[in-house]
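Engineer: no letters, just coordinates:
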């Protein structure tokens with residue numbers, strides 16, 4: 001069990017982390033909890049993993065389930081999260097999936113674009129809207145959107161829609177930062193490359209791909225979580241609108 005013993009960066013804050021049962025999301029939940037935050041851990045299907053994290057951390061964690069590809073579920077997730085402690089101070093839009101949009105088959109192409117649009121762009125956009133409306137009542141708040149290096153360089157031929165959706169998420173983040181900064185609403189993005197999550201679980205230690213990475217390893221999810229947690233603390237307000245790349249120098253702008 002994680003025990004909070006001091007005033008961390010997020011002491012007294014209520015945070016909603018979407019997709020918090022595995023990978024970057026779980027590491028973020030753990031880091032924010034360590035820093036004194038009250039964390040709403042959203043999950044889609046993996047209740048066992050979500051519950052195991054909550055049990056390990058102990059107090060200051062609330063579980064909320066919902067399929068974020070469903071607009072009604074998005075609204076319900078926000079409502080349940082906000083109800084827990086009377087509002088949300090920080091939203092972390094982490095939930096997403098690397099969904100294919102193969103070009104050869106028209107049906108698969110359309111399905112891939114629609115699925116990527118709903119989960120990787122419209123879902124975080126809807127939650128950002130809920131957050132902005134809620135933050136206005138609280139005198140401000142912080143949004144951290146988890147994008148991808150694909151947001152900058154595009155993705156491979158089978159994942160064009162994924163790259164486009166993540167690129168849209170960056171534009172959304174910048175627009176929120178520009179449009180709502182005067183209301184003390186801050187928005188940041190992080191853009192990881194290969195991260196040691198389920199997507200990269202097939203990569204073995206002797207995979208030739210690793211030899212091409214400057215650090216010789218896939219990025220640990222904890223590295224991404226630490227950046228998210230710092231941004232969520234509000235300790236660098238004038239970073240609002242920025243995107244922090246976390247790729248181990250594999251992709252450098």
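Structural biologist: Received the coordinates, thanks. All values derive from a computational prediction rather than experimental measurement.

Engineer: hey, which helix or strand in this structure has the poorest pLDDT?
Structural biologist: Every helix and strand in the chain was compared by mean pLDDT, DSSP states H and E; the lowest is helix 208-211, with a mean of 71.

Engineer: in the stretch 101-250 of the chain, which spans are strands?
Structural biologist: 141-146, 185-192, 243-246 (DSSP state E, counting those that start in this stretch).

Engineer: pLDDT of the longest helix belonging to the chain, averaged?
Structural biologist: Longest helix in the chain by number of residues (criterion: DSSP state H): helix 160-180. Mean pLDDT, helix 160-180: 98.

Engineer: do the same with stretch 55-65
Structural biologist: 97.

Engineer: wasn't residue 7 part of a helix?
Structural biologist: No. Judged by DSSP: H, G, I helix; E, B strand; the rest coil, residue 7 forms no part of a helix; its state is coil.

Engineer: and it, how many neighbours?
Structural biologist: Neighbourhood size, residue 7 [other C-beta atoms under 10 Å]: 10. (Glycine included, C-beta is placed from N, CA and C.)

Engineer: quick one: distance of the longest helix of the chain to the chain centre.
Structural biologist: With C-alpha atoms, centre = their mean, to the nearest Å as the basis, helix 160-180 stands 13 Å off its chain's centre.

Engineer: now do the contacts for the most centrally placed residue in the chain.
Structural biologist: Taking C-alpha atoms, centre = their mean, the centroid of the chain lies closest to residue 94, which sits 1.8 Å from it. The neighbours of residue 94, taking C-beta atoms under 8 Å, 6 or more residues apart in numbering as the test, are 17-20, 24-25, 28, 146, 228.

Engineer: go on, residue 149?
Structural biologist: Neighbour list for residue 149: 191-193, 245, 247, 250-251 [criterion: C-beta under 8 Å, 6+ apart].

Engineer: and the furthest pair within those?
Structural biologist: Largest separation among these by C-beta to C-beta: 191 and 250, giving 11.5 Å.

Engineer: more neighbours, those two?
Structural biologist: Per other C-beta under 10 Å, whichever of residue 191 and residue 250 has more neighbours is residue 191, with 24 against 17.
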